[in-house]
Every structure is written in C-alpha cells, then in structure tokens.
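> Quick one, what's the 3D model for this:
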Amino acid sequence: MKKFKLFTLLSVLLLMLSACGPPSTASTSEDTNENNTTTKDGKTQIHWLQHWVNEQGPDKINEVKKAFEAKHPDIELIIDDLPFAQEHDKILSLDLAGNPPDIITASGAWLTEFADAGIIEPIDDRLATLPEDMKKEIEGPMMLPYKGNIYGMPITNGNIALFYNKKLLDEAGVEVPTTWDEFMEASIKLTDPSKNRYALTGNLAAEPPTVITYEVMPFILQAGGKILENNKAVFNSPEGVKALNYLKDLMVTNKVSTPGELSAGEKEKRANFSSGNVAFMFEGPWGVNIQKNLNPDLDFGVAPLPKGEQTGTIAQGSVLALSSKGKNKDAAWKFIEFMGSAEGQLLWDKATNFFPYNTETMNDPYFREDPYLKVFVEEFETFDRVEVVDHYLPNAVDLRKQFTIEIQNFITGKKTAEEALDDAAAYWNEVLEKNK
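Sure thing, here's the model as predicted:
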C-alpha cells in the first residue's frame, strides 16, 4: 500500500511537530489539566481540527461552538484551525505523535487514506443509534461504506457551478453562457491580455491536487463521459478526449485563462477572481462566502455549468471523523451527531454559507431562495449526471495528483489526449484493483 510511504516523510518532520498541538482559536492553557481533556469545572474538552476559521473567520464558527455547548453544557469544544493546504499533513503528524484531535475534518480525498492508516475509526455502531428520521436524511453517495465500514459524517456538500463577474459580462455585452459553444465564444470576447483581463482563472496545480475536480472532471461528464464505473476508471473514453481537447482550446489555442495555470491552485484561483479582472471561475457553494470576504465590492453571480452533450458536475465535500486515538470519543461523537443533524447543519450553513448534505436541511428556504445557493440545489435536481468521486478512492490524493500530472502533460504537448487519459486510467485501475 502506498499509504506507508507517507510515514517515511513524516518521521523526518516528527521532531519539529510531535510536541506541538494544532493552533487553537481559544486559549486553554490556564483551565485544563495536564492531559488537556477536562476543565477545572469538570467539563470534557474535545478538539476539532479544521480549516474554516482561516477561510470564514472565527466569529461565525464560534456561533456553532456556542450552539453546541448550549445543548451539551458538560462539553467544551476547542476549535483548532489550520489553512487547508497544511491540514492533511498536520493530521498525519499529530496521529504519528500520538496527540491527534478528537474530531478530524476529512476532505473527501483523504477519507480512505486515513481509514487505511487507522487514523480514523468506523462509526457504523454509532450511526445505528441515530433516530430513524436522521438516518434517512443522511442517506446518499457520501454515506456508502468503504471496505465494509462507514468512517465519517458528511457536513459539507457541494457541486461545482459557474461563478461570473457581472460587471465584466455587462461591459462586454455578453450573456451568461449556457452551452459549451456559448462559453467558448464568451471567453474569447472577454479576454484582453493587454488589460490583464481574462475570461477564466485556470488552475491545474498538482500540489495539492484539489483542482482536478473543479477544472477537468466536470467537462468529462458534460461531454457524455464518466469518471468511475463498477470500481474502474473509465474517463479514458472518446468523451474524455473530447473534454480535454475543449479544455486545451480554451487554455492554449485561445489563451483565455490566467497565466501560470499549471502552478496555480485554489488560493490563486480565488484571488484571481476576487481581483475583478477575471470573468469566470468554477467553484463550489463554499466559494460564495469566500468571495464575499475576499472582495465585498465584487458583484458576482452563480449559474449552472454550461452544457456539452449533457449537463454534468462533480460533487464533493468533507466529513467529520472520530480519531482512533482520541481521548474523548463519546463526547466527540455528540458533536459529530449534532453537525450531521438537520438542526446542526442549518446552523452551520447559515454561519458559513456552506451547502448541506442533510436532505432535510437542503429543503430549507435558506437554500432554495438564496440567489447563489439555489443554483446548486437546481443542479442536484436537474443535471443529467452528478458524480461523487473522492470519497471511495483508495489513496485518493495520489490518484488525483497523477491525473493532474497527465493533464499537464497533455496541455504542454508532451502527450496526446488519448495517451494522457490512458496513462492516468492505467495508474488508477492498478490501485483500484489492488484495493478491491
């Protein structure tokens, strides 16, 4: 298993990291015992490691903390925060040091890796104790078992849609595109390098390999293809080739994307769009609040992704998982259960402008009437194909990286679309076969 390679690198970092816990948004040094699990007034402390304070700000996240502690006055929630790009490796190092948080935020691409490494533990027995209505509300593609067990409670959910700069489209006399042809035509018209103005913020960085689900996979679905089928990579299809050629026409032939696309990631993408010089960005519902914080004066809208042969988008999200080495699992589970409930998710989403997984929460007018978020609801309900990929990929981070590298090989002319997709699919299928 490739997962063990991670620990070779981490052992080098251990001397620097093993003595350090994750940074916290609350000071706890004066009111905790030496094990940092109980306050002087007898409350059980639980630590939640996540990255959203960095993106959303502490005030909104603390609303969730306050609501949870009001329901469970015997528990104190400590919110530990790191930038997303650092979180994955920090979780690995803390687990190796024997000092993990009680609650781990696992992005979809990390779930199987953490499960295989024993960093998080199955929650099937705990899920069995939930009320029947909640069990039905959280059914769906992010709650399927991995190797016979379920490892996390989904708390964020999101499909990819099209963000657009209203001012730039108005100035150019361009309507919001609804098809591939319209998107290409609009992108060419909106691009003017002499004014540092581009249609699309292009992002294909291999580290961290998160952008592949935003920038490439939806095109494959829209071309009529699929990413996975019957536990096998099937994106190396004529539809996949068509999608890659369309993407290359955008980025290379017509040069409508921002420079440096092969080294730019999510942070750079969002900064490009917030600058006001980029017309389009592919983003999830979590990006709405991020853009409002980055540039409150930016007038932007959200629309469904343009249609190719069909409509299609990728869905992804994060789960909360129990640390296998956590000190207070029962208390930690109470928070995970709260965050998965309709009540907890509505509170969380209103605080952060995220999109829910709980189906009861998704029916709330807050989502169906919001001009931004209702687009994501409509895509879920009307698109021809919405595919969830990451949550059940063994070693998903590595697979996404290899896929991204092959896309880079195609964009730079080192391989044809067929060669790049065939090589990526061969790599994926070798891993998938070994992990059946």
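> Pretty sure residue 402 sits against residue 429.
No - taking contacts as Cβ atoms under 8 Å, residue 402 lies outside contact range of residue 429: 11.6 Å. C-beta: built from backbone N, CA, C; applies to glycine.
> neighbour-wise, which of these two wins?
The neighbour comparison of residue 402 against residue 429 (other Cβ atoms under 10 Å) goes to residue 402, with 20 against 15.
> Now do the same contact list for that one.
Contact analysis of residue 402 by Cβ atoms under 8 Å, 6 or more residues apart in numbering lists 424, 427-428.
> Could you dump those residues into JSON lines and include distance to residue 235?
Shown next, in JSON lines, are the contacts of residue 402 (distance: Cβ to Cβ, whole Å):
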{"residue": "424", "distance to residue 235": "7"}
{"residue": "427", "distance to residue 235": "12"}
{"residue": "428", "distance to residue 235": "8"}
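> count of neighbours near the spatially closest residue to residue 396 that is not a sequence neighbour?
Leaving aside its chain neighbours, residue 396 sits nearest to residue 109 (4.1 Å; criterion: Cβ to Cβ, 6 or more residues apart in numbering). By other Cβ under 10 Å, 26 other residues sit near residue 109.
> Please renumber the chain so that the first residue is 30 from this point on.
From this message on, residue numbering opens at 30, which makes the last subject residue 138.
> So residue 138 lies in a helix, does it not?
Yes - under DSSP: H, G, I helix; E, B strand; the rest coil, residue 138 falls within a helix.
> Could you check the pLDDT of it?
Reported pLDDT at residue 138 in the predicted model: 75.
> For the residue nearest to residue 139 when sequence neighbours are not counted, list the residues it contacts.
Closest residue to residue 139 apart from its sequence neighbours, by Cβ to Cβ, 6+ apart: residue 117 at 5.8 Å. Shown in contact with residue 117 (Cβ under 8 Å, 6+ apart): 136, 139, 237, 426.
> next one: residue 135
143, 149, 180-181, 347-350.
> likewise residue 207?
332-333, 335-336.
> Filter those down to just the ones in strands.
Judged by DSSP state E, strands contain the following of the contacts of residue 207: residue 332.
> Pull the most distant pair out of the contacts of residue 207.
Of all pairs drawn from the contacts of residue 207, the greatest distance, 11.4 Å, lies between 332 and 336 (Cβ to Cβ).
> any idea how far the residue nearest the centre of the chain is from residue 321?
With distances taken as Cα atoms, centre = their mean, residue 346 lies nearest the centre of the chain, 4.7 Å away. Distance of residue 346 to residue 321, given as Cβ to Cβ, to the nearest Å: 20 Å.
> Ok, residue 175 next?
35 Å.
> Same question for residue 81.
Taking Cβ to Cβ, one finds residue 81 at 14 Å from residue 321.
> of the two, who's got more company?
More neighbours surround residue 81 than the other of residue 81 and residue 321, with 23 against 15 (other Cβ under 10 Å).
> any idea how far that one lies from residue 115?
With the distance defined as Cβ to Cβ, residue 81 ends up 14 Å from residue 115.
> again, but for residue 320
From residue 320 across to residue 115, the span is 22 Å (Cβ to Cβ).
> of these two, who's got more company?
Shown here are residue 320 and residue 115; by other Cβ under 10 Å, residue 320 has more neighbours (20 against 14).
> who's in contact with the more buried one?
192, 299, 302-303, 312, 327, 329.
> That one in helix, strand or coil?
Strictly by three-state DSSP, residue 320 counts as helix.
> Was I right to think residue 397 contacts residue 403?
Yes - with contacts counted by Cβ under 8 Å, residue 397 reaches residue 403, the gap being 5.5 Å.
> ok, these two, which is more surrounded?
Ranked by neighbour count (other Cβ under 10 Å), residue 397 and residue 403 place residue 403 first, with 15 against 12.
> Give me the neighbour count for residue 95.
11.
> Sticking with it, tell me its helix or strand.
helix 87-100 (DSSP states H and E).
> Could I get the CA-only coordinates of stretch 165-180 as PDB?
The C-alpha trace of stretch 165-180 is given here as PDB (Å, rounded to 0.1, in the frame of the first residue of the first chain):
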ATOM      1  CA  LYS A 165     -32.900   8.700   6.200                       C
ATOM      2  CA  GLU A 166     -31.800  12.400   6.000                       C
ATOM      3  CA  ILE A 167     -28.200  11.500   5.700                       C
ATOM      4  CA  GLU A 168     -28.500   8.600   3.200                       C
ATOM      5  CA  GLY A 169     -26.700   9.100  -0.100                       C
ATOM      6  CA  PRO A 170     -23.500   8.900  -2.000                       C
ATOM      7  CA  MET A 171     -21.300  10.200   0.800                       C
ATOM      8  CA  MET A 172     -22.500   7.600   3.300                       C
ATOM      9  CA  LEU A 173     -21.600   4.500   1.400                       C
ATOM     10  CA  PRO A 174     -19.200   2.000   3.100                       C
ATOM     11  CA  TYR A 175     -15.500   1.800   2.300                       C
ATOM     12  CA  LYS A 176     -14.300  -1.800   2.800                       C
ATOM     13  CA  GLY A 177     -17.400  -2.600   4.700                       C
ATOM     14  CA  ASN A 178     -17.400   0.300   7.100                       C
ATOM     15  CA  ILE A 179     -18.500   4.000   7.200                       C
ATOM     16  CA  TYR A 180     -15.900   6.400   8.500                       C
END
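> so what's residue 273 closest to, chain neighbours aside?
Among residues not flanking residue 273 along the chain, residue 446 sits closest, at 4.1 Å (Cβ to Cβ, 6+ apart).
> what about that neighbour, distance to residue 248?
In terms of Cβ to Cβ, residue 446 sits 12 Å off from residue 248.
> Quick one: end-to-end distance for stretch 217-228.
Start and end residues of stretch 217-228 are separated by 7 Å (Cα to Cα, to the nearest Å).
> Show me which positions of that stretch end up buried.
219-220, 226-228 (16 or more other Cβ atoms under 10 Å).
> closest to residue 124 among those?
Nearest to residue 124 among those, counting by Cβ to Cβ, is residue 227 at 41.3 Å.
> So that closest one sits against residue 310, correct?
No - at 10.6 Å, residue 227 does not count as touching residue 310 under the criterion of Cβ under 8 Å.
> All set now, cheers.
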